[in-house]
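the following block contains a protein sequence and its predicted model.
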Amino acid sequence: MSATYRRRLLVIYNPTAGAGKLGRRKRARLEAYLDLLEDAGCAVEFRPTAKRGDAEAFAGEGLAGKYDAVVAAGGDGTIGEVANGLPAQDAAPLGIFPLGTANVLAMETGLPLDPPAVMQAVLHGPVAHVWPGFVNDRLFTIMAGIGFDAHVVADLRPGLKRWLGKGAYVLESLRQLAAYKVPRYRLVIDGQDYDCASAVIAKGHFYGGRFVCAPDARLDAPDFQVCLFGMGGRLGALRATAALTAGLLRHLPEISLVRGRRIEIATLGDSAYAAGEPVQADGDIAARLPAVVTIGTRAIPLIVPAGSGLAQGMLQKAAE
């Protein structure tokens, strides 16, 4: 791979995602990135968002002839919004300044959280082509979920998340367990019927940080690995949570892993609380059931670290 030096950058950032101690840390990291860009002599257009939809609109300007990279400065939700807005043709590659709570996509690509190392990757790293998923018409890069985790995301208060970060998810998970009332779901995966208590439709193998949910999911593969949770109720949620944190999720007998490209999702039964069940994608609510999850028709150009597994995979494919 030839050396790359990206000088013309469009940086998109949500300035409101920053109250409290965690927010101050994120702003300090962002300022470190901007200082490094200035030291590198880059020409940067910095676009702070003011409302929902701004990130997508700004990313729509990200043509390869105008910018060397479009950089999403934020967490997985911000990255997803920027990726949603990239031009369908001749898009500049997507870079990441990881500023989120979990930074799952950054971990999936092997991107470190140290600003100088991140800058090295964004300015010089190779471009991998990764296949996004869609919940209806909403793009996601890491995973979609129904059931317990979707209810946690749907009911999590944004202010609590800004103040406590990952701790907010722990508190909301405990609250959900205390009043657990989630229906069972019917999934049709590439024409085959399944039922489950929860499901994670994964593009990457990490979940909620470095926990492994779908061990064979790959960003650069044009399909999903679907993790089906067969046991419902509080006991099922507690067993799955304990196994996930211990790295033993795949060994539970009620867990099934299925590959697929198209997943139709609905609820089983006629329970009143089943209507409009939430679907989360990359940590945001993307839709309400019924919904269809599909692989995108085109790959996204994503900047990755030179020594990452994705970069090594590119070299291997080139040599074949």
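Nice, thanks for sending it over. Numbering: from 1, shown residues only.

could you use CA atoms for every contact and neighbour count after this?
OK.

residue 242 and residue 252, how far apart?
11 Å (C-alpha to C-alpha, to the nearest Å).

swap that for residue 303, sorry
35 Å.

and the helices in the stretch 201-320 of the chain?
Here the stretch 201-320 of the chain has its helices, by DSSP state H, counting those that start in this stretch, at 233-246, 309-319.

mean pLDDT lowest for which of the ones you listed?
Of all those, helix 309-319 carries the lowest average pLDDT, namely a mean of 62.

centre of the chain to stretch 193-206, how far?
On the basis of C-alpha atoms, centre = their mean, to the nearest Å, stretch 193-206 sits 14 Å off its chain's mean C-alpha point.

equivalent analysis for stretch 196-208, please.
Worked out by C-alpha atoms, centre = their mean, stretch 196-208 lies 11 Å from the chain centre.

could you export that stretch as CSV, CA atoms only?
Taking C-alpha atoms only, stretch 196-208 is exported to CSV below (Å, rounded to 0.1, in the frame of the first residue of the first chain):
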residue,chain,number,x,y,z
CYS,A,196,-36.3,-15.5,20.5
ALA,A,197,-36.5,-13.3,23.6
SER,A,198,-33.9,-10.9,22.3
ALA,A,199,-31.5,-10.6,19.3
VAL,A,200,-28.4,-8.8,18.3
ILE,A,201,-27.8,-8.4,14.5
ALA,A,202,-24.1,-7.9,14.3
LYS,A,203,-21.7,-6.5,11.8
GLY,A,204,-18.8,-6.6,14.3
HIS,A,205,-18.0,-9.1,17.0
PHE,A,206,-17.7,-6.6,19.9
TYR,A,207,-20.7,-5.4,21.9
GLY,A,208,-20.9,-2.6,24.5
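
quick one: least confident helix or strand in this protein?
When each helix and strand of the chain is scored by mean pLDDT, DSSP states H and E, helix 158-164 comes last, with a mean of 56.

ends of stretch 34-48, what's the gap?
13 Å.

buried set for that stretch?
34, 36-37, 42, 47-48 (16 or more other C-alpha atoms under 10 Å).

list the ones among the residues you listed that fall in helices.
34, 36-37 (DSSP state H).

of the residues you listed, the lowest pLDDT goes to which?
residue 34 (89).

and it, how far is that from residue 75?
For residue 34, the distance to residue 75 equals 17 Å [C-alpha to C-alpha].

what's the answer for residue 9, then?
On the measure of C-alpha to C-alpha, residue 9 and residue 75 end up 18 Å apart.

residue 89 now?
25 Å.

where does pLDDT dip in the stretch 51-200 of the chain?
For the stretch 51-200 of the chain, the stretches flagged by pLDDT under 70 are 155-180.

helices along that one, start to end?
54-59, 76-85, 104-109, 115-124, 148-155, 158-164, 166-178.

and the fifth one, what's buried?
Which is helix 148-155. 148-154.

can I get that helix in CSV, CA atoms only?
Taking Å, rounded to 0.1, in the frame of the first residue of the first chain, the C-alpha atoms of helix 148-155 are listed here in CSV:
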residue,chain,number,x,y,z
PHE,A,148,-33.7,-6.2,26.4
ASP,A,149,-30.9,-4.0,25.1
ALA,A,150,-33.3,-2.0,22.9
HIS,A,151,-35.5,-1.2,25.9
VAL,A,152,-32.4,0.0,27.8
VAL,A,153,-31.5,2.3,25.0
ALA,A,154,-35.0,3.5,24.5
ASP,A,155,-35.5,4.5,28.2
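
what angle sits between it and helix 233-246?
Interaxial angle, helix 148-155 versus helix 233-246 (axes from the mean of the first three to the mean of the last three C-alpha atoms, to 10 degrees): 100 degrees.
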